[in-house]
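> fold the following.
(one chain, ligands or ions: 2)
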Amino acid sequence: MLKKVLFFTLAIAIAIVSVIGADAAVRGYTLGDADNNNEVEIIDATIIQRILSDMITDPDGSITHRADVDRSGDLDIIDVTWIQRYNAGMDVPYRIGEYISPVPATDPYELPIV
Ligand SMILES: [Ca+2]
Ligand SMILES: [Ca+2]
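Ligands and ions are numbered 1, 2, ... in the order given. Down below sits the predicted model:
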């Protein structure tokens, strides 16, 4: 009986971890949302400034991925400026504040190379 309970519990745990792991791999984000709270606020600009002044780090690059609003490949003061302009209600040429859908890892319609 105990073996059945343990097996069932383990199966559920593996299923939960698989779902969470898959979700994290394909999740989208809000452009400009440095702290990943789904809103672009002035604290997001502050977080970028803290990275630029080496007060905090972005070891996995996730903040850069979400907050590099001009897609230059790096966080810089220009990203801060665009986020500040967005928060001031000014026009911005980027999709700041919009949800960016995840990109599939592979193209399901891609033909194999023969
Ligand atoms: Ca935010
Ligand atoms: Ca940038």
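> who in the protein is up against ligand 1?
Counting by Cβ under 5 Å from the ion, the chain comes close to ligand 1 at 33, 35, 37, 39, 44. Backbone N, C-alpha and C define where each C-beta goes, glycine included.
> filter those to the buried ones?
Among the residues of the chain next to ligand 1, those buried by neighbour count (16 or more other Cβ atoms under 10 Å) are 33, 44.
> over to the residue in the chain that ligand 2 sits nearest to: give its phi and psi.
When distances are taken as Cβ to the ion, the chain reaches nearest to ligand 2 at residue 72, 3.6 Å away. Here is the backbone geometry of residue 72 (degrees, to the nearest 10): phi -80, psi -10.
> residues in contact with the closest residue to residue 95 other than its chain neighbours?
Nearest non-adjacent residue to residue 95, counting by Cβ to Cβ, 6 or more residues apart in numbering: residue 31, 5.1 Å away. Residues in contact with residue 31 (Cβ atoms under 8 Å, 6 or more residues apart in numbering) are 40, 66, 69, 94-98, 100.
> most neighbours, which of the residues you listed?
In terms of neighbour count, residue 69 stands highest of those at 27 neighbours, by other Cβ atoms under 10 Å.
> correct me, but it touches residue 84?
No: contact criterion Cβ atoms under 8 Å: residue 69 and residue 84 do not qualify, at 10.9 Å.
> would you list every one of the strands in this structure?
29-30, 99-100 (DSSP state E).
> out of those strands, which comes closest to residue 57?
strand 29-30 (18.9 Å; Cβ to Cβ).
> of the contacts of residue 31, which is the nearest to residue 58?
residue 66 (9.8 Å).
> hmm, the closest one is touching residue 38, no?
No: judged on Cβ under 8 Å, residue 66 makes no contact with residue 38 at a distance of 10.4 Å.
> between the two, what contacts are shared?
residue 30.
> one step back: buried deepest among the strands of the chain, which one?
Comparing the strands of the chain by mean neighbour count (mean count of other Cβ atoms under 10 Å), strand 29-30 comes out on top with a mean of 18.
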